[in-house]
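1. here are the coordinates; sequence isn't available:
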């Protein structure tokens, strides 16, 4: 009887732990002003410092987002980022090009990441970060 | 008798194992699957994104009098050992160029003939009395391309150690002004992979 209870308890714990592993990670907002939003995944929040985020116009007249990020961790950081663009009314601009880009940077190094809006109606942007898998 | 039983058992077991084959859908927005040695959709998307960004950054698609450039797709050569259709790259670039409002792609002119032969074929209805002639495209309405995109995808394999190989893919694209024959934009994107056996 005791063994049966132990087995049941182990099974329940196993199920609970499996549930934890598949939870979607939350994101913390690091910088949000003048239409650009930089969202850092909690898996890299302690390793990345967003120093600057600016929106400007590129040579084609569409928006370009530039974000300076520093690796404040003590080791090499493989990072992935992607950008979404939004219209003035907040509707997301559909594109096949919001895939994750990969960049790695050494401890202490600062990178300037840029993204270009393809659609001329783009007014706001959101750049997301997460730790890249090896 | 024994052999028959063994055979039956093997047949049942193989059926059971066939049933175990599983297929999973890939969420392409959050795909964290391992890299492949070949070129997959993530490589095509990343390359297309970088190529489009490069074109926009240089302003090469800014037509002096406004409006859109008409672009023809020329030869995009797959010079790799991988078997894929270069449209996997070019379709994304075409769609995004169209969305940018800076360019439109002609399907009436292509390196191996028109991509869509219907533009020409519909004009063959001019002599057909069954069709209202006012609904048929008139002469001189088709627009010739201003620019053409051509390119090549290259592969190089390098052995690092007996068990480690580096595979390098180079995506090269050029945008040529068809009036002058001069390339007004060119870029090369690299995708480098290391494979351990």
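-> Now that the structure is in, tell me what you want to look at. These numbers were taken from a predicted model, which means no experiment stands behind them.
2. just the helices in the chain please.
-> This is for chain A. For chain A, the helices defined by DSSP state H occupy A:2-21.
3. can you look at chain B instead?
-> Going by DSSP H, chain B shows helices at B:2-20, B:41-58, B:87-100, B:118-121.
4. I'd like the ones you listed as a markdown table, with distance to chain A appended.
-> Where C-beta positions appear, they are placed from N, C-alpha and C, glycine not excepted. Compiled in a markdown table, the helices of chain B are given as follows (distance: least, CB to the nearest CB, whole Å):
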| stretch | distance to chain A |
| --- | --- |
| helix B:2-20 | 21 |
| helix B:41-58 | 4 |
| helix B:87-100 | 5 |
| helix B:118-121 | 26 |
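5. out of the ones you listed, flag the one nearest residue A:51.
-> helix B:41-58 (21.8 Å; CB to CB).
6. quick one: list the elements packing against that closest one.
-> Contacts defined by 3 or more CB pairs under 8 Å, 6 or more residues apart in numbering or on different chains; DSSP states H and E place helix B:41-58 against strand A:110-116, helix B:87-100, strand B:164-177, strand B:182-196.
7. number of residues surrounding residue A:67?
-> Other residues near residue A:67 come to 23 when the count uses other CB atoms under 10 Å in any protein chain shown.
8. residue A:89 too?
-> There are 7 residues near residue A:89, going by other CB under 10 Å.
9. mind showing which ranges of chain B have poor pLDDT?
-> By pLDDT under 70, the low-scoring segments of chain B are B:1-4, B:7, B:11-20.
10. get me the contact residues on it for chain A.
-> B:28-29, B:32, B:34, B:42, B:45-46, B:48-49, B:52-53, B:55-59, B:61-62, B:92, B:95-96, B:99-102 (CB under 8 Å from any CB of the partner chain).
11. pull out the buried members of those.
-> Neighbour counting with 16 or more other CB atoms under 10 Å in any protein chain shown marks B:42, B:45-46, B:48-49, B:52-53, B:55-58, B:61, B:92, B:95-96, B:99-102 as buried within the residues of chain B next to chain A.
12. circling back: can you tell me which of the helices and strands packed on helix B:41-58 comes nearest to residue B:143?
-> helix B:87-100 (14.6 Å).
13. which elements pack onto the closest one?
-> Judged by 3+ CB pairs under 8 Å, 6+ apart, the packing partners of helix B:87-100 are helix B:41-58, strand B:69-79, strand B:103-105, strand B:147-161.
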